[in-house]
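> 3D model of this:
(4 chains)
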Protein chains: 2
Amino acid sequence: MTDPVAILLRCGVRPTSQRVAIADYILGARSHPSADEILAHVKKTCPAISRATVYNTLNLLVEKGLVTTQILREGTVVFDPIVDNHHHFIDEQSGRIYDIPWEALRVSGTADLKGFDVRRFQVVLRGRRRR
Amino acid sequence: MTDPVAILLRCGVRPTSQRVAIADYILGARSHPSADEILAHVKKTCPAISRATVYNTLNLLVEKGLVTTQILREGTVVFDPIVDNHHHFIDEQSGRIYDIPWEALRVSGTADLKGFDVRRFQVVLRGRRRR
DNA sequence: TCTCTTTTTAGACCGTATCTAAATTCATGA
DNA sequence: TCATGAATTTAGATACGGTCTAAAAAGAGA
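Take a look at the predicted model:
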């Protein structure tokens, strides 16, 4: 992964220590953490950080196109460092969310829906992770 | 639509006036209302109804398989009287949610995902409603 | 009618997210 | 270097979705 400081600078965002800590964590995350989960993690290296800063920074990263939000869990938005199109699988047992590559599925018919101008879509799959 | 009283009775649910009012509304709803939106509607005919009853009843209807919950809006679950498989389209302008028939789209590849036992899935589409 | 069970109710409570005003940090120019 | 003003962070207030609790009310059955 590229240096989070460089990434922030490239987006015109001042790389404060709080922002760097947050970006460092979320940009490399393989899970799909909520804001409060991110707060908990970042507090380990940055104990005085406030909730408001985490929320503000995450919203800023979304605005800059560095992460996306996903509505996949009840009650909370989750953050995803993958900004390219992909699908999601949710393990019904654990609640864990997995990324499914765009190429793994094929969806047809989205262009034929009368009255609907589809800009983007994703498949949300649910079931059990097999190991 | 069938009589909501009959539907409740068939499920072994005592058809109190509050439950009937709630079932009557949600079972015929074309929108995808949240619990609080349902509360607001039902209050018109049943002004003394409490929030707890609406939430309890909706959870009961879900348990009985009469409606489903969908995680499609940020911050709140929405209720859907369609219990069969179908997809959803979300108008990014208005936030309105539309049902897309199962047959309108074809999805392939879900059975080939290694390590994932897919039980169910849906396509979530976003864009603009055209009229 | 009496009793017991089910249902409803108001309000307390909890979690997520935003807002606010004050404090702090930072960049800039004199 | 210092002073100034803008940007950022902070704690806590606020708003809202949803659940829980204990007491009141309604209903079923003997």
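> low-scoring pLDDT stretches of chain A, where are they?
Counting by pLDDT under 70, chain A shows low-confidence ranges at A:1.
> The longest helix anywhere in it vs DNA strand C: in contact?
Longest helix in chain A, counting residues (DSSP state H): helix A:51-63. Yes - judged by CB under 7 Å from any atom of the strand, helix A:51-63 and DNA strand C are in contact via A:Arg51, A:Ala52, A:Tyr55, A:Asn59. Every residue, glycine included, has its C-beta placed from N, CA and C.
> which one of the residues you listed is nearest chain B?
A:Asn59 (12.4 Å; CB to the nearest CB).
> A:Leu61 and A:Arg19, how far apart?
Remark: distance between A:Leu61 and A:Arg19 (CB to CB, to the nearest Å) = 9 Å.
> In terms of neighbours, single out the busier of those two.
A:Leu61 (24 against 20; other CB atoms under 10 Å in any protein chain shown).
> quick one: contacts for that one?
A:Ile22, A:Ala23, A:Ile26, A:Val67, A:Phe79 (CB atoms under 8 Å, 6 or more residues apart in numbering or on different chains).
> circling back to that earlier point, residues of the longest helix of chain A that come out buried?
A:Thr53, A:Val54, A:Thr57, A:Leu58, A:Leu60, A:Leu61 (16 or more other CB atoms under 10 Å in any protein chain shown).
> any idea which helix or strand comes after it?
strand A:68-73 (DSSP states H and E).
> Which strands or helices does that following strand pack on?
Counting contacts by 3 or more CB pairs under 8 Å, 6 or more residues apart in numbering or on different chains; DSSP states H and E, strand A:68-73 is packed against strand A:76-80, strand A:86-91, strand A:97-101, strand B:68-73.
> Looking at those, which is nearest to B:Pro47?
strand B:68-73 (26.1 Å; CB to CB).
> Please spell out which residues along the closest one are buried.
B:Thr69, B:Gln70, B:Ile71, B:Leu72.
> partners of A:Arg106 in the sheet?
Bridge pairing for A:Arg106 (DSSP bridges) gives the partners B:Ser108.
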